[in-house]
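Q: model this:
(chains A and B)
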Amino acid sequence: MPKFKAPRGTYDVLPDTASHWSRVETAFAEISELYGYGEIRTPMFEETDLFVRSSGETSEVVNKQMYTFLDKGERSMTLKPEGTAPVLRAVLEGGLLNQQGQVVRVWYKTPIFRYERPQKGRCRQAHQVGMELIGSSSPNADAEIIEMTVRFYQALGIKQLGVLVNSIGRAQARRAYADAILNHMASWLKDQDQEGRARAEKNPLRLLDSKDPSIQDLLSGAPVVTDYLEPESREHYDAVLKRLNEADIEFEEAPRIVRGLDYYTDTVFEVEGRMLGAQSALCGGGRYDKLIQELGGSPTPAVGAAMGIERALIAMEAEDLLPDVDRLDVFVVALGDQAIQIGNRIVDRLRKEGVSCQQDIEGKGMKNQMKQAGRSSARWTLILGEDEIAAESVTIKNMDTGDQQTVPQADLVSRLKS
RNA sequence: GCGGAUAUAGCUCAGGGGUAGAGCGCCUGGUUGUGGUCCAGGAGGUCGUGGGUUCAAAGCCCAUUAUCCGCCCCA
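A: Numbering: from 1, shown residues only, chains lettered A, B, ... in the order given. Here you go, the predicted model:
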């Protein structure tokens, strides 16, 4: 029994699944580059206040879920619970927005830390990729971000997903709408315990995506946020929808979509996996025009999204999209000292040609070496024994079909490449 | 944070107050030049952890930890 275990809510990515991770990460990096986004990397922890300011003092994340600690200088630090605020901080600090009218496009890949009760698709150290488009209030920006997320999931091959788009307007509309919801739910609210009531009153919009069937029933006749939008917000929202239609992005309008972090304005969206159980959100994003100001920058509109890597992997697993184990090209079976020497030279030569190779290092016999070859899932096994040495040849065995033929060592590379 | 379930071999699991089980995997041999098939043999477990009850606990009781499902939250 090992003495240590990975801390609660964390886990290791072992070699058999690491390639799945890099596949997701690579897909996102490629999409980002295609849209002209530059990578940005920020520290794992920040001043606690950055997250309090950005996510909102009343948010669940800030209240209950942050990994906060005092460093040796008695400064309150927090492991980043989300990616956006640190990116904006870095963009401001790095002077990327110092020229007026500049539009900045960045993408990132990062772990995030939230103290939560672990569940499938919900860990204390989770991983996200995301992008931010900073400096544009155009609906085209919102549409670009949504389009990118869709392209990302398409690149991974995930089919069963829903793209849910909504607008929650500006502060005024939201306040008016929140009142309307509370009003609508007044009779239900009376019957709730104190905590439930406090939660509902703190953020009435949250009621909208509750999974409680009794709440959902009551909400069926409830007012819709889009009826409360200010004229500019309405216009913006319509333009986003129009742009998405033009780009042939499949989506649905979902008035129940709100976001958990306080900084969103106008457009919010979510990509939902239909195979994910309770943790169904694959991606969340939206516009946050007030946030940069909140962080001390000049007023700057922006829009962005974050995608959970774990959840993408769960979705891919459910749709059987995860690639097989990485195959080795060649395993060299060599029998006897001389053959081993020649085998080493061949392995070296093949690796220089970009052919992945392995050979026995334990001095085992034929049978065992063949077994290793099988286990390595090599495409070909090269056999070097007395006969081959004498003839300066090598036997190539195709491990899938079992066919084998003996060819001159000089022809090896061209044989393998054909 | 709340509710429910689970924890036995590397993996998937069965069992059950009195000597620890299966399938798969692993090792060895049949085959000192052929893996994935077959046959034979073998290794591997303080039954999650800590206490308690008992002549006896892996089983019963209590606590604890981890995982899974739902709520909550969200990626």
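
Q: contacts and neighbour counts: CA atoms only from here.
A: OK.

Q: near RNA strand B, which residues of the stretch 201-350 of chain A?
A: Counting by CA under 7 Å from any atom of the strand, the stretch 201-350 of chain A comes close to RNA strand B at A:206-207, A:209-212, A:259-261, A:270, A:277-285, A:306-308, A:310-311, A:335.

Q: separation between residue A:360 and residue A:15?
A: Using CA to CA, to the nearest Å, one gets 20 Å for the distance from residue A:360 to residue A:15.

Q: okay, these two: which has more neighbours?
A: Neighbour totals were compared for residue A:360 and residue A:15, and residue A:360 leads with 19 against 10 (other CA atoms under 10 Å).

Q: and residue A:309, how many neighbours does it have?
A: 23.

Q: close enough to count as contact, it and residue A:123?
A: No. Judged on CA atoms under 8 Å, residue A:309 makes no contact with residue A:123 at a distance of 11.4 Å.

Q: any residues in contact with both of those two?
A: By CA atoms under 8 Å, 6 or more residues apart in numbering, residue A:309 and residue A:123 have no common neighbours.

Q: who's in contact with the helix or strand of chain A with the lowest mean pLDDT?
A: Taking mean pLDDT, DSSP states H and E as the measure, helix A:194-202 is the helix or strand of chain A with the lowest mean score, a mean of 75. For helix A:194-202, the external contacting residues (CA under 8 Å, 6+ apart) are A:58, A:182, A:189, A:190, A:206, A:207.

Q: which element, helix or strand, includes the second one?
A: Pointing back at residue A:182 there. According to DSSP states H and E, residue A:182 maps onto helix A:171-184.

Q: how near is residue A:160 to residue A:280?
A: 11 Å.

Q: looking at these two, which one has more neighbours?
A: Per other CA under 10 Å, whichever of residue A:160 and residue A:280 has more neighbours is residue A:280, with 17 against 14.

Q: and the pLDDT for the more buried one?
A: Note on residue A:280: pLDDT of 81.

Q: cool, residue A:27 as well?
A: Each residue has a pLDDT score; the one for residue A:27 is 97.

Q: element containing it?
A: helix A:15-34.

Q: show residues contacting the helix or strand following that helix.
A: Using DSSP H and E, the helix or strand that follows helix A:15-34 in sequence is strand A:38-39. With contacts defined as CA under 8 Å, 6+ apart, strand A:38-39 is touched by A:32, A:105, A:106, A:107, A:108.

Q: any stretches of the stretch 201-350 of chain A with poor pLDDT?
A: A:260, A:277, A:324 (pLDDT under 70).

Q: tell me who's in contact with the residue in the stretch 101-250 of chain A that RNA strand B sits nearest to.
A: Residue nearest to RNA strand B within the stretch 101-250 of chain A (CA to the nearest atom of the strand): residue A:120, separated by 3.3 Å. Neighbouring residues of residue A:120 by CA under 8 Å, 6+ apart: residue A:279.

Q: what's the per-residue pLDDT of it here?
A: pLDDT for residue A:120: 84.

Q: picking that back up, what's the overlap in contacts for residue A:160 and residue A:280?
A: Common neighbours of residue A:160 and residue A:280 (CA under 8 Å, 6+ apart) are A:273, A:274.
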